[in-house]
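# Build me a model from this:
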Amino acid sequence: MDPFLFSFMAMILLLSRAAAGVDARKTGSIGVIVDNSTRIGKEEIVAMKLAIHDFKNRTNRQLDLHVRDSQSDPVLAVFSARNLIKKQKVQAIIGLQTWEEASLVAELGCKARIPIISVADAAPPWATDRWPFLVRASPEKHQQMKAVAAVIGSWGWRGINVIYEDTNIAASEIIPFLADALKEVGSEIKHLAALPPSSAVNSSSLSDQLQRLKGKQPRVFVLHSSLSMAESLFSKANELGMMEKGYVWIVTDSITNLVHSMDSSLISSMEGVVGVKSFFSEEEARFQVFHEQFRQMFRSLYPEENNPEPGIFAVQAYDAVRSVALAMEDNTNSTQELLERIEFIDFHGLTSRIKFQRRSLAPQSMFQIVNMIGRSYRELGFWSEESGFSKNTIDGYKNSSSMSILGQIFWPGGPISTPRGWEIPTTETPLQIGVPLNATFKQFVSVTYDVGGNPSVSGFSIEVFRAVLKHLNYTLPHEFIPFNGTYDHLVEQVHLKKYDAVVGDTAILSKRWKHADFSHPYTEPGLVMIVPEQVETSNRAWLFMKPFTKAMWVLTAAITVYNGFILWLLERNRNPELMTGSIMDQMGTLVYLSFSTLFSMHGGRQHRNLSKLVMVVWLFASLVITTSYTANLTSMLTVQRLEPTVVDVENLKSTNAIVGCSGRSFVARYLVDVIGIKLRNIKNITSSDEYPRALRGGEIAAAFIEAPYAKVFLAQNCKGFVASGETYKVGGFGFVFPKGSPILPDISEAILEVSEKGELRELENKLIGSQKCDSDAETSEDGSSLSPSSFWVLFLITGGVSSVCLVIFMAKERLTYLLGHMAIWRLISAVMRSWRSCRCDRFSRRISDIESNGNVKHSSMHSPKVYFGCRMPWQRNYS
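Take a look at the predicted model:
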């Protein structure tokens, strides 16, 4: 045999055996779909190859990696996936950076029952439920929106503009999460600008969008887009002057995750931008090895790239391939079993733990805050929902909810101080504030003109506005422009951008709120009915009861009966008239004695000193009470008492009475729509002076005036008019600003400060002046009646004296009773002792002598001289 032919056949045999040996060690094949032209795709390819290489070195098993270029085209990604499934027989597909690619390929993977491992930066939460073979290998980043909101809330920006690249996932998922997060920090999205994908955007459309936003407030912008879109946008923003002092730009991790790969010219165009960046630890030993290998391979494969550093996309791609490789380690041929093994994967990846829950990684919780400065960037610190802002990720390190803990931040235009987020008016461009020219009550807004035709504005509303401006921590240049028209039309001028604000007696109404925003009200709300007064004619029959209140009548009757009872008790033993008759007769005598004392002003003859003391005190009290009653009743009979001519609105409606109100305000429409007064019964009043004339002349039966006006009206016309009926809670004066005005929250806060510090009350008192009447205060039915509070000391004295006399009397009676019993026992004791000492013979003789002489009259035991013929020891013999 030819030696050359033999050698050739031997080599073929060896190669075939070698190939057979390689096939024996082969574990499986994985398809990869990325965009090879982007930095993300390049990092992912290098990281995946390193993952395959590390797996082979560790297990001595071979995994084939079939890479396809999607060119960021979802349709091309689907064709690539079909090719990998049918021709390459891959067991899983990894990659798919955009959600548009991932969703289409996931549909194909479910039909072919091939696991699709997506590293797309965002996906809806329902994605894994709809496509059971879809696995999300990138963490959920909705938490990132809370980090963005935390930055905004830290500086107190109450409104922002959002610019985003118009992809389905951005509009349906990212923006709603951002809006919810902003609400938690007291902010909101004022304007949204959707840009077409970077491949379809052109310079003119981008310029138009930015120009539109430039003319709006606020000046805080949040950008969520691809890096290529950001590059075009910031270039155009610099041209339009939107990267100067006063502007704020915040970008999401779709841009900042590639900040390590940006060239210096791009970073320079983004100077002052603050970014939220996905964080991963670079301290792990495994990552250090990966980092060195990545740099070497990246330089060799992509020498045109300036920076070979790996980013978060490389880390995610490495961990994704490793997850699939570990699941394939047991040489399973079932893709269903492979999917289940991927779901139960649990290992420590390059920088964090990799564990899937419902085929998704846990949301990312830590983000890094970066700041573009010059031609580079600075890592300011970190943010997490649990700790807020911090300079370090170490547990227990100082943290705060304020971003100021991260140190000095460089903002667009280079200011040291934090931008307000909106353009402050200047003396060159002051606020154009509209004021009503023909206000009904000039005390609130009055416009006068000098000889040169220049307007001068004054009044209560103007004074309040000036007081509010003093409480702002910035100056607010402005000029007042009179407006001749209705209040509704004046508010509409703000919506039409003819005025920047409206200051005056403008009522806060729901229909006006559709066109503009209102500040916190600086007056109380209310609609008051003012009517003339007339002489009171009702309820005169019981006027004699009015001098005293019910409590006074009851207390007077009680103390009278009480004192009468005391007198009756004290005199009953000395006055037979008080003891005779039945119980009913004695009770009648008691009541008569009580009230005759009150009305007769003199007492009958009293026998005891205690009775006389009770009578004197009670006569004094009676004198005071009766004279007070007489004086008050006389006042009620002689002084004219007034009452409103109309009690409530129902009287007006039932009689079709004419009422008056200002036709330039909302009141006329309110009377018709809410209260139910017919339009033909409403008279238009054009000035405050016309109200009293119309009421006195009978042209109108009632005037409906807003509560602040009513105070002024009653202060000027405190005689003859009164507020009647209920107060309708509507209106209240406030200042008007455009929808979403950044000035409005500061104005409302300042109004509260003016009110809390008493300045608003001082201005109201100054407005009302010394002529202010209390006619709008509520008066009770017994407002002029005398109550016990005026006589409680008098009642206390007379009741106390009577009670003391009663106690003294009862004590004396008790003492007399006891002494009487003691005298009887002493008498009995003395008789017994004398009885024993008498001799019987003397006893008999003395009696016979007495009888024979006949000088002694008949005596009994009660004789003070002799008891049974015996002389008592204490008796002397005077014979």
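
# Phi, psi for Arg61 please.
Main-chain torsions, Arg61, degrees, to the nearest 10: phi -120, psi 150.

# nope, Ser401 is what I was after
The phi/psi pair for Ser401 (degrees, to the nearest 10) reads phi -80, psi -10.

# right, and it touches Gly388 too?
Yes - taking C-beta atoms under 8 Å as the definition, Ser401 is a contact partner of Gly388 at 4.4 Å. Just so you know, the C-beta spots here come from the backbone N, C-alpha and C atoms, and that holds for glycine as well.

# residues contacting Gly434?
480-483, 490, 493-494, 498-499, 501-504 (C-beta atoms under 8 Å, 6 or more residues apart in numbering).

# And what about it, helix, strand or coil?
What DSSP: H, G, I helix; E, B strand; the rest coil gives for Gly434 is strand.

# swap in Leu380?
Under three-state DSSP, the three-state class of Leu380 is strand.

# Use 138 as the first number for this chain going forward.
In the new numbering, first residue 138, that becomes Leu517.

# Can you give me the neighbour number for it?
Number of residues near Leu517 (other C-beta atoms under 10 Å) recorded here: 21.

# Quick one: residues contacting it.
411, 506-508, 543-544, 546.

# who wins for most neighbours among the residues you listed?
Of these, with other C-beta under 10 Å as the count, Ile506 tops at 25 neighbours.

# how about low-confidence regions in the stretch 138-287 of the chain?
For the stretch 138-287 of the chain, residues meeting the criterion pLDDT under 70 lie at 138-163.

# In it, mark out all the strands, start to finish.
With strands called from DSSP state E, counting those that start in this stretch, the stretch 138-287 of the chain shows them at 163-171, 199-206, 229-232, 253-255, 271-273.

# Show me what the third one is in contact with.
The contact list for strand 229-232 (C-beta under 8 Å, 6+ apart) reads 167-171, 181, 185, 207, 218, 221-222, 242, 246, 251-256, 274, 454, 457-458, 461, 465, 472, 475, 479.

# mind listing what the residue nearest the centre of the chain touches?
A centroid search over the chain (C-alpha atoms, centre = their mean) returns Gly323, at 11.5 Å, as the residue closest to the centre. Shown in contact with Gly323 (C-beta under 8 Å, 6+ apart): 290, 295.

# what's the neighbour count on Tyr828?
By other C-beta under 10 Å, the residues close to Tyr828 number 24.

# follow-up on the earlier one: as JSON lines, the contacts of Leu517 with pLDDT would be great.
JSON lines is the format used below for these (pLDDT from 0 to 100):
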{"residue": "Val411", "pLDDT": "95"}
{"residue": "Ile506", "pLDDT": "95"}
{"residue": "Val507", "pLDDT": "95"}
{"residue": "Asn508", "pLDDT": "94"}
{"residue": "Leu543", "pLDDT": "90"}
{"residue": "Gly544", "pLDDT": "89"}
{"residue": "Ile546", "pLDDT": "91"}
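
# Which of those fall within strands?
Secondary structure from DSSP state E places 411, 506-508 of the contacts of Leu517 in strands.

# Now do the SS call for the residue nearest to Ser927 when sequence neighbours are not counted.
Among residues not flanking Ser927 along the chain, Ser765 sits closest, at 7.7 Å (C-beta to C-beta, 6 or more residues apart in numbering). What three-state DSSP gives for Ser765 is helix.

# Let me know the distance separating Ser765 from Lys903.
41 Å (C-beta to C-beta, to the nearest Å).

# For these two, indicate the residue with more neighbours.
Ser765 (17 against 10).

# Let me see the contact set for Cys202.
No Cys there; residue 202 is Leu. By C-beta under 8 Å, 6+ apart, the contact list for Leu202 reads 166-167, 169, 185-186, 189, 458.
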